[in-house]
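Colleague: mind folding the following:
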Amino acid sequence: MEQIKTQNLQWYEEYRNGEITRDQFASTKTQLEKEKLNLQKRIQEVENLIGDEKEILLKKNIPVDQMIEFMGFEKLTPEVLQKYVKAIYMHDDGRIEMCWKELK
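Modeller: Here you go, the predicted structure:
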């Protein structure tokens, strides 16, 4: 967002100095405002996803604050397993079930 603000200021200075036309400035300003709105929308989407994940973890009685440190891992590490996983069950139909340790 800060970068968009800086770009706006740069374009405004170029407009004031006569380096670009009014139409060029207006067009660029409109484009940057659209980009800003898209970024704000994306930020909100990501914040909603994070909120949804926290809600899921809370419903499963998983310690949210502690799990956040492990978010983004593609596999279970021995550290995560030891700290949070009580048991892992592999079923004949290919399903894998994880039982989490209870909060203390």
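Colleague: please count neighbours and contacts with C-alpha atoms only from this point.
Modeller: Noted.
Colleague: the residue positioned nearest the centre of the chain: helix or strand, and which one exactly?
Modeller: Nearest to the mean C-alpha position of the chain, by CA atoms, centre = their mean, lies V46 at 4.1 Å. Assigned by DSSP states H and E, V46 belongs to helix 22-59.
Colleague: who does that helix touch, helix- and strand-wise?
Modeller: helix 2-16, helix 64-68 (3 or more CA pairs under 8 Å, 6 or more residues apart in numbering; DSSP states H and E).
Colleague: what distance do you get for D52 to V46?
Modeller: As judged by CA to CA, to the nearest Å, D52 and V46 stand 10 Å apart.
Colleague: over to N17?
Modeller: Relative to V46, and taking CA to CA, N17 is found at 39 Å.
Colleague: coming back round to it: now the angle between helix 2-16 and the helix holding V46, please.
Modeller: 170 degrees (axes from the mean of the first three to the mean of the last three CA atoms, to 10 degrees).
Colleague: report the buried residues of helix 22-59.
Modeller: F25, T28, K29, L32, K36, K54 (16 or more other CA atoms under 10 Å).
Colleague: that's all I had, so thanks and see you.
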